[in-house]
Each structure stands twice: as C-alpha cells, then as structure tokens.
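**Student:** sequence-free structure coming up:
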Ligand SMILES: C[S@@+](CC[C@H](N)C(=O)[O-])C[C@H]1O[C@@H](n2cnc3c(N)ncnc32)[C@H](O)[C@@H]1O
C-alpha cells in the first residue's frame, strides 16, 4: 500500500529557493576546491566551513554504502566505537535507522520535500531542523524509537580534524552522554584503552598518510575487533585475482576529478587493508555522482577483524 503523503507535501517556492541556495553553496565550495597551502586542518576547514550546514544533504547523494557499512558493525553492549574522519557525525543516524522495526521506512513514504510521515527529512530532521540524535529530551535515541544500539554502547568517539564539521557533530550529539567529539588527527589519535570497533567512511581518500591512519586504527583495536571502511577507489591496472579490474578511463578519470577537492581515490588503501586483515568481507560497487549523468564512481566496502594473535602492536 502506498504510504500516506502529508498535506504539506507541496514544496513552497521559498523552500525550493532555499534548497537551491544550499545546493549552490556546496557546488561553489566544490568548484573552489581545497586550498593548496596551510596545514591539513586549515585546508580542510577552509574547504568545509562554507558548506558545513549543507554538507550532509549533498553527501547523501554522493557517499554511498555508509548505511550498509554501519549495518555490518558489531559493537557489544558497553563497547567502544571510534569513527576516524567522522565529519558531522551523520553516520550515527544510520544506527538509529537500522534499529527501527521497519528498516526500509526511511526510504519510503516521503513527500516532495523528502519528508516522511512524521515530517522528518532524509537526515531525520524535523521541520525545525532538529534531528533524531541530539535534540535532547524526546530524541529517538532517548525514547527508544531507534537508537538502542547507540544507547547501549559504552563510548563513541567521533574524531576529525575539521572544526567546522565537528561543530555540527557536537550540535547533533549534544543529548548523548556516551559520545565524545574530538578534534584530532586520525593518524595519531589514540584512546587510552583498546576499542571494539573502528571505522572510516570516505575519510581515507582525504588523508594524505592513509597508511598511517589504517595502522593507527589497527593499533587502537583490540584483538578480534572490527575495522570497517567504505570509500572511493580505483583498481590497480592488474589487480589481484578475484578483484574488479577498472578500465583505463575509470583509472584515469576519477583520481583527476576528485583531486581538486583533496580526495584521492587509488588502489593503495584497499590493498593494505587486505594485507593487514586477511579475515574480511569485501564488496566492490559503483554508484552515480550528482551532476555527472551516465558516470558511476567505484567504491568499496570492507569489514575485517583484527587477528586474535596479531603482529600489529597496539601500544596501549
Ligand atoms: C568526505 S568527509 C566524510 C565525513 C564522514 N565520515 C561522513 O561519512 O560523512 C572526510 C572527512 O575526513 C576528515 N579528515 C581528513 N583528514 C583527516 C585526518 N588526518 N584526521 C581526521 N580527519 C580527517 C575531513 O575533515 C572530513 O570530515
């Protein structure tokens, strides 16, 4: 049966204008690209600050597979979860969505403004812009309407180098006592005790020392813990047997298309992940990109377990 459409379904001209203005702001930031000078933190902040408020909405159409990654993460009750390169903390909302009894509901029954029956948009925000995590009293995470997995975790660290995006993450998670929003480098941040699960969502391609970031994630992970990654990539010209081989155009085009914004898809991170974590699940996909009709960017989803006896030393 078709889901009911709310009577406020027709977007007002003012809302349409606001949506276009938001979109234009993000596009302008993408066209300007990431500055070439300054520290990594300064470059990230200069790139993201003008689009921080609109970041999530645009990335819903660009950063595919994040919900599927979150669905695969297993954090025990009382456990410790870390996202490295967490941005606005948007990925925590996927836990809330996945907790709901009707998992497809978030995609169904939306009106023209993308709002569901309760008037929430695709980021779970109500008409006043409050989302389901940090709205405090009455938020889903607190009322048990989704959010049970998050509420059961002992500690969640959202780590990023970009102050403008972290401000959004702080606002979003203000009602959650077990969440820490931490301004730090993914290559060096180290919690004081081993953690159960670490993940990167579209962060490794923006981290120049991606190998250092992976090594650091593995070092903070307890033996048997999970490392999850979803990200853009292109294959090597001659990838290992069983992996997808991208054609010459794909291998040429995507690294050049994204480089302007400081995003560098290549074969390296996936190869290193496979080598470090022989026990893993890997999926290779392609997905559409806004404003590039007919083209599909490759991305992978990787979830591995740190071996029980590991030569990767934690140092914690
Ligand atoms: C494409 S965004 C993805 C954000 C978030 N994971 C998501 O799925 O929406 C990449 C993020 O990586 C962060 N980042 C880049 N280099 C970093 C580093 N060395 N340490 C921590 N975060 C970093 C950026 O600031 C940005 O928030």
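**Tutor:** Ah, there it is. Bear in mind the structure is a predicted one, so any value in this text is a computation, not a measurement. Numbers count the residues shown, from 1 in each chain.

**Student:** now stretch 160-171: how far from the chain's centre is it?
**Tutor:** The chain centre lies 13 Å from the centre of stretch 160-171; the measure is Cα atoms, centre = their mean, to the nearest Å.

**Student:** for the ligand, what are the nearby residues on the stretch 201-316 of the chain?
**Tutor:** 201-203, 206-207 (Cβ under 6 Å from any ligand atom). Placement of C-beta: from N, CA and C, glycine included.

**Student:** Which secondary structure state does residue 282 sit in?
**Tutor:** strand (DSSP: H, G, I helix; E, B strand; the rest coil).

**Student:** How many residues are close by it?
**Tutor:** Residue 282 has 16 neighbours, counted by other Cβ atoms under 10 Å.

**Student:** ranking the residues of the stretch 201-316 of the chain next to the ligand by neighbours, who comes first?
**Tutor:** Going by other Cβ under 10 Å, residue 206 tops those with 26 neighbours.

**Student:** unless I'm mixing things up, it is touching residue 84, no?
**Tutor:** No: at 11.0 Å, residue 206 does not count as touching residue 84 under the criterion of Cβ atoms under 8 Å.

**Student:** Show me the common contact partners of these two, please.
**Tutor:** Here residue 206 and residue 84 have no joint contacts, going by Cβ atoms under 8 Å, 6 or more residues apart in numbering.

**Student:** Run through the stretch 51-200 of the chain and note the low-pLDDT ranges.
**Tutor:** Applying pLDDT under 70 to the stretch 51-200 of the chain picks out residues 101-146.

**Student:** Of the residues of the stretch 201-316 of the chain next to the ligand, which is the nearest to residue 185?
**Tutor:** Using Cβ to Cβ, residue 207 is the member of these that lies nearest residue 185, at 8.5 Å.

**Student:** Skipping its backbone neighbours, what lies nearest residue 216 in space?
**Tutor:** residue 187 (5.4 Å; Cβ to Cβ, 6 or more residues apart in numbering).

**Student:** part of a helix, is that neighbour?
**Tutor:** No: assignment of residue 187 by three-state DSSP gives coil, placing it outside any helix.

**Student:** Spell out, range by range, the strands that occur in this protein.
**Tutor:** 80-84, 155-160, 179-183, 195-201, 221-232, 280-288, 296-305 (DSSP state E).

**Student:** still on that earlier bit, please flag which of the residues of the stretch 201-316 of the chain next to the ligand sit within helices.
**Tutor:** Among those, none falls in helices (DSSP state H).

**Student:** What's the separation between the closest residue to residue 251 other than its chain neighbours and residue 72?
**Tutor:** Counting by Cβ to Cβ, 6+ apart, residue 251 lies nearest to residue 234, which is 4.7 Å off, once chain neighbours are set aside. Separation of residue 234 from residue 72 (Cβ to Cβ, to the nearest Å): 23 Å.

**Student:** got a markdown table for the strands of the chain, with distance to residue 271 too?
**Tutor:** A markdown table is the format used below for these (distance: least, Cβ to Cβ, whole Å):
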| stretch | distance to residue 271 |
| --- | --- |
| strand 80-84 | 19 |
| strand 155-160 | 24 |
| strand 179-183 | 29 |
| strand 195-201 | 15 |
| strand 221-232 | 12 |
| strand 280-288 | 11 |
| strand 296-305 | 11 |
